[in-house]
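>>> Pasted the sequence and its predicted model underneath.
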Amino acid sequence: MSTTTTQDTGLTTDHAQATADDAHSHGLAPEGSRADRATSFALADFDVPNGREEVWRFSPMNRLQGLMAGALTGTAPQVEVTADEGVRVEHVDRSDDRLGKAGAPGDRISAVAWESFAEGLLVTIPAEHVAGRETTLTVRGSGEEPAAQHITIIAEHHSEAVVVLDHRGSAQLAQTVEIHVADGASLRVVSVQDWDSGAVHASSHRAVVGRDATLKHVVVTLGGDVVRLTPEAAFAATGGSVEMNGLYFADSGQHQEHRLFVDHAVPNCTSRVTYKGALQGDDARSVWIGDVLIRKAAEGTDTYELNRNLVLTDGARADSVPNLEIETGEIEGAGHASATGRFDDDQLFYLRSRGIPEAAARRLVVRGFFAEMITKIGVPAVEERLLAAIDAELDAVLGDLADTEDVSQERRVIEAIESGEAQG
Amino acid sequence: MSTLEIRDLHVDVETPDGPKKILRGVDLTVKSGETHALMGPNGSGKSTLAYAIAGHPKYAVTSGEVLLDGENLLEMSVDERARAGMFLAMQYPVEVPGVTVSNFLRTAKTAIDGKAPALRHWVSDVRGTMENLRMDPTFAERNVNEGFSGGEKKRHEILQMELLQPKFAVLDETDSGLDVDALRVVSEGVNRVKGNTDVGVLLITHYTRILRYITPDYVHVFVNGQVAEEGGPELAERLEAEGYDRFLTPA
């Protein structure tokens, strides 16, 4: 049984390059294989959960109550759109036949979200269009009344684009984000959860990836009271590639839950899942579930998933559960790793022994922990905002520190050293 | 002119079975410009002395003092000691993922000097020093000690010593794991700092080979947590010929 639930104890699993021959079972949930989990567009097919179900067992049910009961009637948050020319953004009726084509809801709130929206937002990147700049949808919550929202993103064949979902303000929101990456298309979706405190956000991201298509899916979760995201990606044809990256920073009292599912149903597809989180403060809580299913037909699959958590203070708790199900032995590779730990005393000692004060040393370590992920976001404005947010989070516990520098400055110094030319 | 005085220092190390006594009354004085070799067999407590001076949390000073120009280092935090002028070149430098050498060096220099170095001078200093240590400039963008070979780690330690210009440097087994070429490059680096500044050096080593490149003014033989014998460079030669056996015979 390689399922691990790690509290802040520094436990680790690493099943790098595990294969079907390695007779170790992977996190058999009470409901059995991920392949058997029921999905449905009908709300009536999902009972109101009691919190003991596999998909809810880590969630704060009382705080999600408002999104559970039944169809939601609140006003959906406003969406401000800044789009690349050439990218079409439409408000469409829920009956539009382009909606609902990326798989059915897999849990009660997702079904509520589907049942409740009146009008969906549809973003289409036309075939072969290469977007020159990112398309940003700023979702601005302004109410406490539970509401639903539906967004569908369609990257038509051989298009290239970046779409940023930026969640701000306050809301009680059940959301669906459908993502279609058609044959040969390349799409990057960045979802930033930077809610005000008090916000409750449950969102089902359902992606379908076509032949030789590439999806880069990035999640950045910082704000809000409860954020529960379930990003899922399914390969519809061979040669697809999915990268799912996530960063989260949970403060005192925050619950941040990310449940991922990559469904390898066809041959020769590649997936990489990398989520990193930091936690600080009493009752800061993160949950990461990484389900990967390699079905019998999915020969030549190459997959690896990783979750790392850095627990910065006492009183925080991180749960991390990688689940890898493999139904064929004919794969390129499959592995997962999970680790949850505290500040490394030796790292801090090393930095401080060079005169770097403790607060600055901690900041360096945390920034370093996230560094690789931050550069993978690929949207400079989001990267800078994230670094500023990390600094602000650390200021809260470490005290303000003068003289923090942006990444571009560091880049300039490195280039100057390498080129031998000092600028200004 | 500065003085580093270690007086009757007793240190325990934290172990799973409780504290274990390692240093049993160390007395040693190093002045600016002097090079002291501290030699001893494995397990004699040499590295414990290095870590205790630097303030590693695993080592508890139970009595004695370490004074830098009369100021008690033991009352300072790890980073305060470094800013007061102490430097420890570690035997096993630590990996810091995601932190580039460039960022690390500049953050350290800024902390030690109390202000950020002027970019133009800093870049040429780093580049020149790396060149002297036969380090490729692309080193600047690598993560601190991550994936470094043994020799690269030691060069990186001496790079820091050259750039940070401490009053006193403790070099803990800097020669271990180095081939002859790397040993020469690293020793030249130490000698450059000695030539350019008034640094006092406490060079901890098991073997005498590094002393062929870095000439000590004084040699101390360290056995069972204490200084057992002291002399000039000729003592190192005698140790080379005889080994530590005569110190290890039970009394």
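Now that the structure is in, tell me what you want to look at.

>>> What is the helix or strand harbouring residue A:242 packed up against?
Counting by DSSP states H and E, the element that carries residue A:242 is strand A:241-250. Contacts defined by 3 or more Cβ pairs under 8 Å, 6 or more residues apart in numbering or on different chains; DSSP states H and E place strand A:241-250 against strand A:200-209, strand A:214-221, strand A:226-235, strand A:255-264, strand A:270-279, strand A:285-294, helix A:358-377, helix A:380-398. Every C-beta, even on glycine, is put in place using the N, C-alpha and C of the backbone.

>>> Mind giving me the packing neighbours of the longest one?
Here helix A:358-377 is seen to pack against strand A:214-221, strand A:241-250, strand A:270-279, strand A:302-311, helix A:345-352, helix A:380-398, strand B:96-100, helix B:101-113 when contacts are counted using 3+ Cβ pairs under 8 Å, 6+ apart.

>>> Buried residues of it, list them for me.
A:359-371, A:373-374, A:377 (16 or more other Cβ atoms under 10 Å in any protein chain shown).

>>> and the helices and strands packed on helix A:358-377 as JSON lines, adding mean neighbour count?
Shown next, in JSON lines, are those (neighbours: other Cβ atoms under 10 Å in any protein chain shown):
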{"stretch": "strand A:214-221", "mean neighbour count": "24"}
{"stretch": "strand A:241-250", "mean neighbour count": "24"}
{"stretch": "strand A:270-279", "mean neighbour count": "23"}
{"stretch": "strand A:302-311", "mean neighbour count": "23"}
{"stretch": "helix A:345-352", "mean neighbour count": "22"}
{"stretch": "helix A:380-398", "mean neighbour count": "17"}
{"stretch": "strand B:96-100", "mean neighbour count": "21"}
{"stretch": "helix B:101-113", "mean neighbour count": "23"}
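
>>> Which of these comes out lowest on mean pLDDT?
Among the helices and strands packed on helix A:358-377, helix A:380-398 carries the lowest mean pLDDT, a mean of 82.

>>> the domain parsing of chain A - what is it?
A:12-344, A:345-424 (automatic domain parsing).

>>> Can you report how many residues neighbour the residue nearest to residue A:47 when sequence neighbours are not counted?
Nearest residue to residue A:47 in three dimensions, chain neighbours excluded: residue A:108, at 7.4 Å (Cβ to Cβ, 6 or more residues apart in numbering or on different chains). For residue A:108, the count of nearby residues is 23 (other Cβ atoms under 10 Å in any protein chain shown).

>>> coming back round to it: is it possible to get JSON lines of the helices and strands packed on strand A:241-250 that adds distance to residue B:186?
Shown next, in JSON lines, are the helices and strands packed on strand A:241-250 (distance: least, Cβ to Cβ, whole Å):
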{"stretch": "strand A:200-209", "distance to residue B:186": "52"}
{"stretch": "strand A:214-221", "distance to residue B:186": "43"}
{"stretch": "strand A:226-235", "distance to residue B:186": "49"}
{"stretch": "strand A:255-264", "distance to residue B:186": "46"}
{"stretch": "strand A:270-279", "distance to residue B:186": "36"}
{"stretch": "strand A:285-294", "distance to residue B:186": "44"}
{"stretch": "helix A:358-377", "distance to residue B:186": "26"}
{"stretch": "helix A:380-398", "distance to residue B:186": "35"}
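
>>> Looking at those, which is nearest to residue B:153?
helix A:358-377 (17.4 Å; Cβ to Cβ).

>>> CA atoms of that closest one as PDB?
Output of helix A:358-377 as PDB, limited to C-alpha atoms (Å, rounded to 0.1, in the frame of the first residue of the first chain):
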ATOM      1  CA  GLU A 358      17.500  34.100   9.700                       C
ATOM      2  CA  ALA A 359      14.400  35.800   8.100                       C
ATOM      3  CA  ALA A 360      16.200  36.300   4.900                       C
ATOM      4  CA  ALA A 361      17.600  32.700   5.000                       C
ATOM      5  CA  ARG A 362      14.100  31.300   5.400                       C
ATOM      6  CA  ARG A 363      12.900  33.500   2.500                       C
ATOM      7  CA  LEU A 364      15.600  32.200   0.300                       C
ATOM      8  CA  VAL A 365      14.800  28.600   1.100                       C
ATOM      9  CA  VAL A 366      11.000  29.000   0.500                       C
ATOM     10  CA  ARG A 367      11.600  31.000  -2.700                       C
ATOM     11  CA  GLY A 368      14.000  28.300  -3.700                       C
ATOM     12  CA  PHE A 369      11.500  25.600  -2.900                       C
ATOM     13  CA  PHE A 370       9.000  27.200  -5.300                       C
ATOM     14  CA  ALA A 371      11.500  28.500  -7.800                       C
ATOM     15  CA  GLU A 372      11.300  25.800 -10.400                       C
ATOM     16  CA  MET A 373       7.500  25.900 -10.400                       C
ATOM     17  CA  ILE A 374       7.400  29.700 -10.700                       C
ATOM     18  CA  THR A 375       9.400  29.700 -13.800                       C
ATOM     19  CA  LYS A 376       7.000  27.100 -15.300                       C
ATOM     20  CA  ILE A 377       4.000  29.400 -15.000                       C
END
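
>>> Grab the nearest non-local neighbour of residue 83.
As the question left the chain open, I've gone with chain A. Nearest to residue A:83 is residue A:135, by Cβ to Cβ, 6+ apart, at 4.5 Å.

>>> sorry, should have said chain B
Per Cβ to Cβ, 6+ apart, closest to residue B:83 is residue A:355, 4.6 Å.

>>> coming back round to it: quick check: beta-bridge partners of the residue nearest to residue A:83?
residue A:163 (DSSP bridges).

>>> I'd say it and residue A:82 touch.
Yes - applying Cβ atoms under 8 Å, one finds residue A:135 in contact with residue A:82, separated by 7.0 Å.

>>> so where do the helices sit in the stretch 1-150 of chain B?
Counting by DSSP state H, counting those that start in this stretch, the stretch 1-150 of chain B has helices at residues B:46-54, B:78-84, B:101-113, B:119-132, B:150-164.

>>> May I ask you to name the longest helix in chain B?
The single longest helix within chain B, with elements called by DSSP state H, is helix B:180-196.

>>> Identify whichever of the helices and strands packed on strand A:241-250 lies nearest to residue B:214.
helix A:358-377 (30.2 Å).

>>> Any stretches of the chain with poor pLDDT?
I'll assume chain A. For chain A, applying pLDDT under 70 flags the ranges A:1-31, A:396-410, A:421-424.

>>> wait, I meant chain B there
By pLDDT under 70, the weakly predicted segments of chain B are B:249-251.

>>> tell me which residues form a beta bridge with whatever residue of the stretch 51-200 of chain A ends up closest to chain B?
Residue of the stretch 51-200 of chain A nearest chain B, by Cβ to the nearest Cβ: residue A:190 (20.2 Å). Following DSSP bridges, residue A:190 is listed with bridge partners residue A:164, residue A:218.
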